[in-house]
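Novice: Just a sequence and a predicted model for now, questions to come.
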Amino acid sequence: MQTLKVAGLQRQRLLRSGNAGRLITLDGKDCLNFSSNDYLGLNTHPDLPEIARRAACQYGNGSSGSALVSGYSEPLQALEQAIATLTGRTAAVVFSSGYLANLALAQVFCQRGQTVLEDRFNHASLIDSARLAGCRLKRYRHADAADLAHKLERDESRHVGLVCSDAVFSMDGDTAPLAELAACCGKAGVLLAVDDAHGIGVFGPEENNLGQGSVVAAGLDETQVPLLCGTLGKAYASAGAFVAGPQPLIDLLVQTARTYLFNTALPPALAATALAAIRLSQEESQHRQRLFANIAHFRQLARAAGLLVRAVNGPIQPLMVGGETQATAAERALRQQGFFVRAMRYPTVAKGQARLRITLTASHSRNDLQRLVEALSKVLIETTENPTAHD
């Protein structure tokens, strides 16, 4: 543990009191929250607690068993139908977490020893999916469809069971070239799985503003992206995750995915909350509009202040720091000033690529953003001059 601490890699669990909205209380200190995946600000929506309460009163606190035993509740069925409609897919199945949904992919759709090709920056759950299924994991260059095409050709597509990519990458905030990836997989005859955990509810076709996600925004249907994954614990302020796609593939997941068969189903109250959040996000499109207005305003302020934010137009705005100890010191200094911004370090990101992962939501005000940029400018100067000042 001392080695981790000296290297700036020791992690701490901060004890939260109360809600995790625009304001958050951690270890007794109130902070403006810039480390939340509650992109639409629905976690503090006044309607959702009552919906959850009514569902818990009607169906009980828990789901009582796996979905194939006694846990498949009416709210869960309605949620799956709503997800299929939202994403333009034939069917959907809900898992208890995004990690479990992604673990199921290689186990169900690949044979042991087959190759799984993945983007180098994919989420750990997709990487673990291939490894735990006994597949040969190979990675193509980040967001590089040409490199994927080369590897598909070199490895012979009949040996490749699955291609997996995040849609929005959780540490960089950039997006995958989904149309190009789909074209490569279609040509090779290989299944493509896309995890849109950070895009569902946020991105989507501008003409309808429904937040249908990155894959629908790219104009791709289930023939081009047969396996579409997403989470209910970020923009939709609940818990659980889904895989959506053609009925035969979803049926196969229900019948054979070990993380579905042998796992307790999502509780009815959480399913009802997620279902209500999907509907609210469509009926109250102002949440998404405020989010993107905040993204544009933050980027304008950051550029004016000379902050090295990456050129991404999404709620994840990474600010590169470099060294692990500097990033840790910056996080602590910001928290002392009343801002909660998590430092992301190895092994979450590559060594020497530590960053402050700023996440923006619809709940932030313009004044919040101004104050954050001012604090960042000051703290980064201080921690660069004395990186151990706050250790």
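Specialist: That came in fine, so what should we check first?

Novice: who touches residue 380 in this structure?
Specialist: 307, 319, 321, 330 (C-beta atoms under 8 Å, 6 or more residues apart in numbering). C-beta: built from backbone N, CA, C; applies to glycine.

Novice: Closest to residue 168 out of those?
Specialist: Ranked by distance to residue 168 (C-beta to C-beta), the contacts of residue 380 are led by residue 319 at 17.2 Å.

Novice: packing partners for the strand or helix carrying the closest one?
Specialist: Residue 319 belongs to strand 316-322 when assigned by DSSP states H and E. Packing contacts for strand 316-322, counted by 3 or more C-beta pairs under 8 Å, 6 or more residues apart in numbering; DSSP states H and E, involve helix 286-304, strand 354-359, helix 366-385.

Novice: Would you mark the buried spots in the longest one?
Specialist: Okay, so that is helix 366-385. Neighbour-count burial for helix 366-385, with 16 or more other C-beta atoms under 10 Å as criterion, is recorded at 368-369, 372-373, 375-376, 379-380, 383.

Novice: quick one: which of those residues is nearest residue 218?
Specialist: For those, the nearest to residue 218 is residue 369 (28.8 Å; C-beta to C-beta).

Novice: Hmm, residue 298 and the closest one touching each other?
Specialist: Yes - if you go by C-beta atoms under 8 Å, residue 369 and residue 298 touch, sitting 4.8 Å apart.

Novice: residues bridging contact with the two, i.e. touching both?
Specialist: Common neighbours of residue 369 and residue 298, using C-beta under 8 Å, 6+ apart, are residue 360.

Novice: Next SSE downstream of the lowest-mean-pLDDT helix or strand in the chain?
Specialist: Among the helices and strands of the chain, helix 2-6 carries the lowest confidence by mean pLDDT, DSSP states H and E, at a mean of 64. Sequence-wise, the next helix or strand downstream of helix 2-6 (DSSP H and E) is strand 16-17.

Novice: What pairs with whatever helix or strand comes next after that next one, parallel or antiparallel?
Specialist: Remark: after strand 16-17, the chain's next helix or strand is strand 23-26, criterion DSSP H and E. Applying DSSP bridges to the sheet, strand 23-26 is found paired with strand 16-17 (antiparallel), strand 29-33 (antiparallel).

Novice: quick one: the helices in the protein?
Specialist: 2-6, 48-59, 74-87, 98-109, 124-132, 145-154, 178-188, 214-217, 247-256, 258-261, 268-283, 286-304, 324-336, 366-385 (DSSP state H).

Novice: can I get the CA coordinates of the fourth one in CSV?
Specialist: Right, helix 98-109. Taking C-alpha atoms only, helix 98-109 is exported to CSV below (Å, rounded to 0.1, in the frame of the first residue of the first chain):
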residue,chain,number,x,y,z
GLY,A,98,-23.2,-2.9,-17.3
TYR,A,99,-20.3,-5.1,-16.3
LEU,A,100,-22.5,-8.2,-16.3
ALA,A,101,-24.1,-7.3,-19.6
ASN,A,102,-20.7,-6.9,-21.3
LEU,A,103,-19.3,-10.1,-19.7
ALA,A,104,-22.1,-12.1,-21.4
LEU,A,105,-21.1,-11.0,-24.9
ALA,A,106,-18.0,-13.2,-25.6
GLN,A,107,-19.3,-16.0,-23.4
VAL,A,108,-22.5,-16.3,-25.5
PHE,A,109,-21.4,-15.3,-29.0
